[in-house]
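> Predicted model follows, preceded by the sequence.
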Amino acid sequence: MPRPVHFEIPAKNPQSAIDFYSKTFAWTFAKFDGPMEYWLITTGEAPDIGINGGLLVRTEPTQTCCNTIGVGDIDATLVSLKANGGTVRTPKMAIPGVGWLAYGADPEGNTFGMMQPDTDAR
């Protein structure tokens, strides 16, 4: 069953957000080595419950926090999303060495990500 595996927090001022979450919750941040400004967030260690996330530069004023759901087949999931009244917000794209990512919205307009792990994604 697909479950949330990651969250993203958009920030107009990433360093301010990093300072806030580091000091408030003791989360740690590591710059992702990719084509965009993105920081991986570690919120805790196993066996504690919870998921880790990311921080990115806000690109739209209305951009909000976003949960990403792990899926086994992103293409089939996108077909199911549309068949069930959802919309594709951002088409499938490769996150090199990580997997395939797409963003969708439910019929209420809530945005979420979908990630199919694939270390060969390019």
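Great, that's in hand.
> Could I have the CA atoms of the longest helix along the chain written out in PDB?
Selection of the longest helix in the chain by residue count, based on DSSP state H, yields helix 14-25. Presented in PDB, the C-alpha positions along helix 14-25 are these (Å, rounded to 0.1, in the frame of the first residue of the first chain):
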ATOM      1  CA  PRO A  14      15.900  28.900   3.100                       C
ATOM      2  CA  GLN A  15      18.600  29.900   5.700                       C
ATOM      3  CA  SER A  16      15.900  31.400   7.900                       C
ATOM      4  CA  ALA A  17      13.800  28.200   7.700                       C
ATOM      5  CA  ILE A  18      16.800  26.000   8.300                       C
ATOM      6  CA  ASP A  19      17.700  28.000  11.400                       C
ATOM      7  CA  PHE A  20      14.100  27.800  12.700                       C
ATOM      8  CA  TYR A  21      13.600  24.100  12.200                       C
ATOM      9  CA  SER A  22      17.100  23.300  13.500                       C
ATOM     10  CA  LYS A  23      16.700  25.300  16.700                       C
ATOM     11  CA  THR A  24      13.000  24.400  17.200                       C
ATOM     12  CA  PHE A  25      13.100  20.600  16.500                       C
END
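> Can you name the next helix or strand after it?
strand 28-31 (DSSP states H and E).
> Kindly provide the whole-number mean pLDDT of that next one.
The predicted model gives strand 28-31 an average pLDDT of 97.
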